[in-house]
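S.K.: Need a 3D model of the following:
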Amino acid sequence: MINRFCANEIEKILDCKILDNKVIFFEKIDSTNLEAKRKAKQGLIVIADKQDAGRGSHGRVWKSEGHVGIYMTFALTNDITTDLVFSVPILVSLCVAKTIERTLDVPVKIKWPNDILLNGRKLCGILAEADFANGKLKSLVVGIGINVNQENFLEEIEGKATSLRRETGTMIDRNVLAAEVLNEIDRTLVSFFEKKSISNLINDYNAHLVHYDCNIDIVKGEQRQTVHSKGIDEKGRLIAIDNKGKVINIAYGEVSVRGNGIYGE
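M.R.: Predicted coordinates:
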């Protein structure tokens with residue numbers, strides 16, 4: 001029988017140096033990202049069983065029903081400079097992918113910059129939000145939403161989303177998975193803060209990229225451009241080659257990525 005999702009069970013497994021080994025846990029909250037921003041301090045972890053106002057990228061709603069998903073956010077307030085902000089969600093997506101692969105033996109992929117896919121459908125979303133004051137970075141909060149034991153999805157996302165239970169046929173212990181994801185993130189952050197770079201993660205990230213060395217469509221507003229995806233650079237930007245052979249670097253927030261094997265936007 002799977003344990004109840006709760007702070008005590010998660011904390012038994014945590015072994016962090018940068019992130020806290022104590023979590024702030026809610027049975028229900030508006031949003032873990034909002035709470036993390038309200039209480040932002042280095043290493044803070046907020047986890048909820050249910051969110052009433054969960055959010056995804058580009059202002060989308062993230063349905064966060066109780067008893068089935070993992071909704072958690074951590075905060076960083078130290079040693080993050082503006083030029084490193086985008087590196088963190090890239091790092092986090094790789095940590096989530098590797099943890100799920102290691103613990104559940106399923107072939108997880110990443111859609112740039114930080115969506116986690118399983119069999120071409122979205123399994124996890126990551127939302128990073130930076131808070132600036134007087135031109136300086138005050139805090140960075142990174143939210144992680146994982147579809148764990150969901151069996152059904154809303155009609156509008158039924159063909160685009162999946163869960164670990166759907167793909168494995170088994171109930172997953174959310175306490176264990178949440179803690180192992182956080183431990184992996186913490187280990188990777190230790191190295192990241194030492195190097196001030198994700199250069200050592202590039203090959204691993206590109207190996208997980210669902211559209212590596214593939215033609216994809218870059219969509220910006222009403223414009224669509226077909227390019228050849230070649231992975232990421234040391235700043236987490238997508239490297240692509242346009243139809244004239246020119247290498248371009250695409251920054252997060254500029255575009256949406258679409259292509260074969262990737263769920264629809």
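
S.K.: Can you pull out the low-pLDDT segments for the stretch 1-150 of the chain?
M.R.: 1-2, 53-64 (pLDDT under 70).

S.K.: what's Glu167 in contact with, if anything?
M.R.: 106, 118-119, 123 (C-beta atoms under 8 Å, 6 or more residues apart in numbering). The way it works is simple: take the backbone N, C-alpha and C, and place the C-beta from them, glycine included.

S.K.: could you redo the last one with a cut-off of 6 Å?
M.R.: Glu167 makes contact with 106, 118, according to C-beta atoms under 6 Å, 6 or more residues apart in numbering.

S.K.: Kindly list the main-chain dihedrals of it?
M.R.: phi -80, psi -30 (degrees, to the nearest 10).

S.K.: Count the residues that sit near Val257.
M.R.: 21 (other C-beta atoms under 10 Å).

S.K.: Could you say which helix or strand holds it?
M.R.: Using DSSP states H and E, Val257 sits within strand 256-258.

S.K.: list the helices and strands that strand packs on?
M.R.: strand 215-220 (3 or more C-beta pairs under 6 Å, 6 or more residues apart in numbering; DSSP states H and E).

S.K.: how far out from the middle of the chain is the strand it packs on?
M.R.: Its chain's average C-alpha position is 21 Å from that of strand 215-220, according to C-alpha atoms, centre = their mean, to the nearest Å.

S.K.: In its sheet, which strands sit next to that strand, and in what direction?
M.R.: Strand 215-220 has its sheet partners listed here by DSSP bridges as strand 223-232 (antiparallel), strand 256-258 (antiparallel).

S.K.: weakest of those by average pLDDT?
M.R.: Mean pLDDT is lowest for strand 256-258 out of the strands paired with strand 215-220, coming in at a mean of 72.

S.K.: got the contact list for that one?
M.R.: Against strand 256-258 from outside (C-beta under 6 Å, 6+ apart): 112, 216-217, 219, 265.

S.K.: Please compute how far it lies from its chain's middle.
M.R.: So, by C-alpha atoms, centre = their mean, the centroid of strand 256-258 is 16 Å from its chain's centroid.

S.K.: same question, stretch 32-39
M.R.: Its chain's C-alpha centre and that of stretch 32-39 lie 17 Å apart, by C-alpha atoms, centre = their mean.

S.K.: Counting neighbours, show which residues of it come out buried.
M.R.: 32-37 (16 or more other C-beta atoms under 10 Å).

S.K.: Residues touching it, excluding its own?
M.R.: By C-beta under 6 Å, 6+ apart, stretch 32-39 touches 29, 44, 46, 48, 71-73, 75, 129, 141, 143.
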